[in-house]
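Coordinates for the following, if possible.
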Amino acid sequence: MLLAKQVTTDKELQQILDLQKQNLRGVKSPELEKEQGFVTVTHSMDKLQQMHKIEPSIIVKDNDILAGYALVMPRACGPIIPELQSLFEGLKTLEYKGKPLDQYNYYVMGQVCVADACRGRGVFDLLYQKHKEILSQSYDFVVTEVATRNMRSMRAHERVGFKQLHTHRNDLDEWSVIIWDWKKM
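Numbers count the residues shown, from 1 in each chain. Presented below is the predicted three-dimensional model:
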């Protein structure tokens, strides 16, 4: 039985770290990465604990097993993850519907990952449904970026309702900044 919920324990944070390590770019073959997707940033227990004090992330559990996670990163989390500082800084330069992004109340979805054994069971959609259910009362939208070559993730985000806002390239990859607007202002 799949259950979407907010993270509440350090055990769940450890499960996130374990699943992250299994799906980090470079761990699987390029063919599997192309087919199944990948994550690019490694977190530590300390950093996840700091993030979750600001806003708990969303997970899906299959009994006691972590089926997937989607990290919630309000702007206050930016300094916690130096690898994502350029993302947070870049978002300050963007506009949405004719206004600077910073004039909206939004958060960054810092990373999403579904366990191999749970793929194709609706875990990705459950994660984002719970994001909307819990966080749409406090935020206008969620924004994230996905490597454009990570086609599985690009298609899944589009299916949920994300729209492209901007594309840019850094030393790692080409990235699509995407937004899921809950208010449709």
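
hey, where'd the helices end up in the chain?
Ranges of helices in the chain, per DSSP state H, are 10-22, 30-36, 45-54, 85-91, 123-135, 151-160.

Looking at those, spot the one closest to W175.
Closest approach to W175 among these is made by helix 85-91 (8.2 Å; Cβ to Cβ). From N, CA and C alone the C-beta is placed, and that goes for glycine too.

So for that closest one, mean pLDDT?
Averaging pLDDT along helix 85-91 gives 88.

one step back: how about the helices of the chain, which one is nearest V177?
Across these, V177 has its closest neighbour in helix 85-91 (7.3 Å, Cβ to Cβ).

Out of the helices of the chain, which is the most enclosed?
Across the helices of the chain, the average number of neighbours (mean count of other Cβ atoms under 10 Å) peaks for helix 123-135, which reaches a mean of 19.

and it, what other elements does it pack with?
Judged by 3 or more Cβ pairs under 8 Å, 6 or more residues apart in numbering; DSSP states H and E, the packing partners of helix 123-135 are strand 2-6, strand 58-62, strand 65-74, strand 106-114, helix 151-160.

could these go into CSV alongside mean pLDDT and distance to T144?
CSV is the format used below for the helices and strands packed on helix 123-135 (pLDDT from 0 to 100; distance: least, Cβ to Cβ, whole Å):
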stretch, mean pLDDT, distance to T144
strand 2-6, 96, 18
strand 58-62, 97, 13
strand 65-74, 95, 9
strand 106-114, 92, 4
helix 151-160, 89, 7
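
JSON lines for those, including distance to K132?
As requested, the helices and strands packed on helix 123-135 are exported to JSON lines (distance: least, Cβ to Cβ, whole Å):
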{"stretch": "strand 2-6", "distance to K132": "11"}
{"stretch": "strand 58-62", "distance to K132": "10"}
{"stretch": "strand 65-74", "distance to K132": "11"}
{"stretch": "strand 106-114", "distance to K132": "11"}
{"stretch": "helix 151-160", "distance to K132": "9"}
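
Those: which one's closest to T40?
Closest of the helices and strands packed on helix 123-135 to T40 is strand 106-114, at 8.0 Å (criterion: Cβ to Cβ).

now the least confident helix or strand in the chain by mean pLDDT: how far from the chain's centre is it?
Ranking every helix and strand in the chain by mean pLDDT, DSSP states H and E puts helix 30-36 at the bottom, with a mean of 73. Here helix 30-36 shows a centroid-to-chain-centroid distance of 19 Å under the convention Cα atoms, centre = their mean, to the nearest Å.

wait, which of the helices and strands packed on helix 123-135 is closest to F88?
For the helices and strands packed on helix 123-135, the distance to F88 is smallest for strand 106-114, at 7.1 Å, taking Cβ to Cβ.

So what angle separates the directions of that closest one and helix 123-135?
Interaxial angle of strand 106-114 relative to helix 123-135 (axes from the mean of the first three to the mean of the last three Cα atoms, to 10 degrees): 150 degrees.
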